[in-house]
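Trainee: sequence first, then the predicted structure, then my questions.
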Amino acid sequence: MKVLFLIQGVNQPASRYRVNQFLEFLRADGIECETRDYPRSIPAWIGVLRMRRKVDVVFFQKKRAPRWPVMRLRAGGARVVYDVDDAVMFASSRHESPEAPARMKRFVRMCEASDAVTAGNRYLAEMARKHCANVTVVPTCMDMRRYSSRGPAANRGRVVLGWIGGRKSLPFLKELDPALAMLKGLGVDASLKVVCNEFPSECPLQVEKKTWVEAEEAADVASFDIGLAPLPDDPWSRGKCATKLLQCMAARVPCVAAPVGAHCDIVKEGENGFLASKPAEWADRIARLAKDIALRDRLGDAARETVAKEYSVQAHAPRLSALLKSLARSE
């Protein structure tokens with residue numbers, strides 16, 4: 001069988017995590033895969049439509065297509081899968097209100113027009129099931145080969161807190177300033193390593209600025225002693241698929257995370273990480289990890305095991321392959 005993946009772009013993080021890293025495994029399982037950037041012109045759509053009788057499945061990564069090409073693809077015999085890994089039906093956290101009727105309408109239309117939806121977490125799956133009967137949760141996954149397990153925690157004096165993300169998420173990190181300011185009073189000597197393309201202008205801690213480079217991100221994450229995963233609690237953020245958190249956990253880095261969305265599904269309090277809401281809770285959890293090397297090791301081991309079993313490409317590639325093959329067989 002053959003699957004055409006329409007992706008946001010080869011350099012887009014969502015495309016790398018939701019499609020590109022699965023291709024090797026799908027091809028090894030006998031699925032012919034082709035990727036193209038999502039069509040942004042009529043000629044590009046015509047090129048896609050010409051393939052409708054040559055492919056079994058067209059996989060839309062995140063983009064909500066107009067109804068007419070989707071229906072023509074299906075009329076030509078191709079099955080359609082819509083992959084969603086963000087709360088695209090709401091306005092982002094930067095807006096005063098999450099309500100976005102036009103976004104919701106496009107999301108509903110895409111779900112209704114698809115033969116199947118793959119959702120990045122339970123929250124998104126629940127939204128999609130209102131409009132599509134065939135919904136499968138395929139979490140954003142880590143390739144465990146990229147994130148080799150770092151060694152035992154070491155008592156090297158100053159503890160390195162770490163955060164990795166895009167510039168649009170920097171305001172979430174800023175919200176931790178009150179908690180970070182409490183650490184010295186709790187007897188914690190810590191610095192903050194930020195892996196991004198922009199950096200905080202002010203911070204209570206000394207900041208190590210590391211420009212994000214794809215080839216270096218796994219090593220950057222492994223350099224953290226404690227990972228930080230803040231998020232606001234709003235409809236947009238509840239759709240996030242916890243990429244930052246999973247990166248740290250895959251590298252055996254214990255984390256403190258906001259109890260929002262997928263974080264609540266992934267983190268088992270005190271077993272593979274900690275959840276924190278208020279500044280005092282963040283400061284307390286960070287301090288506990290900073291002062292207890294054995295605790296960091298125990299939670300780090302459990303964190304990596306959680307990702308390997310439940311959130312890895314190796315665990316979910318067979319499930320994605322089985323879904324795609326089931327659609328082809330249903331013709």
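Mentor: Noted; the coordinates are in hand.
Trainee: check which residues of stretch 199-208 are buried.
Mentor: Within stretch 199-208, the residues scored as buried using 16 or more other CB atoms under 10 Å are 199-200, 203-205, 207. No exception for glycine: its C-beta is placed from N, CA and C like everyone else's.
Trainee: typo on my end, stretch 275-284
Mentor: 275-276, 279, 281-284.
Trainee: likewise for stretch 315-331?
Mentor: Applying 16+ other CB under 10 Å to stretch 315-331 flags 315-317, 320-321, 323-325, 327-328 as buried.
Trainee: and those, which is closest to residue 165?
Mentor: Closest approach to residue 165 among the buried residues of stretch 315-331 (CB to CB): residue 316, at 22.8 Å.
Trainee: quick one, what contacts that closest one?
Mentor: 138-139, 141 (CB atoms under 8 Å, 6 or more residues apart in numbering).
Trainee: now do the strands in the stretch 1-150 of the chain.
Mentor: In the stretch 1-150 of the chain, the strands defined using DSSP state E, counting those that start in this stretch lie at 2-7, 32-37, 57-61, 79-84, 116-119, 135-137.
Trainee: and the shortest one, what's its mean pLDDT?
Mentor: Looking back up the chat, that one is strand 135-137. Regarding strand 135-137, the rounded mean pLDDT is 97.
Trainee: okay, now the sheet partners of that strand, with direction.
Mentor: Its sheet considered, strand 135-137 pairs with strand 116-119 (parallel) by DSSP bridges.
Trainee: ok, and what's touching the partner strand?
Mentor: 79-85, 111, 125, 127-128, 132, 134-138, 320, 323, 327.
Trainee: a markdown table please, covering the strands of the stretch 1-150 of the chain and showing mean neighbour count and distance to residue 178.
Mentor: Listed next are the strands of the stretch 1-150 of the chain as a markdown table, based on neighbours: other CB atoms under 10 Å; distance: least, CB to CB, whole Å:
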| stretch | mean neighbour count | distance to residue 178 |
| --- | --- | --- |
| strand 2-7 | 22 | 39 |
| strand 32-37 | 15 | 42 |
| strand 57-61 | 24 | 38 |
| strand 79-84 | 24 | 34 |
| strand 116-119 | 26 | 34 |
| strand 135-137 | 19 | 35 |
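Trainee: turn those into a markdown table, columns for distance to residue 194.
Mentor: Shown next, in a markdown table, are the strands of the stretch 1-150 of the chain (distance: least, CB to CB, whole Å):
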| stretch | distance to residue 194 |
| --- | --- |
| strand 2-7 | 28 |
| strand 32-37 | 30 |
| strand 57-61 | 28 |
| strand 79-84 | 29 |
| strand 116-119 | 30 |
| strand 135-137 | 31 |
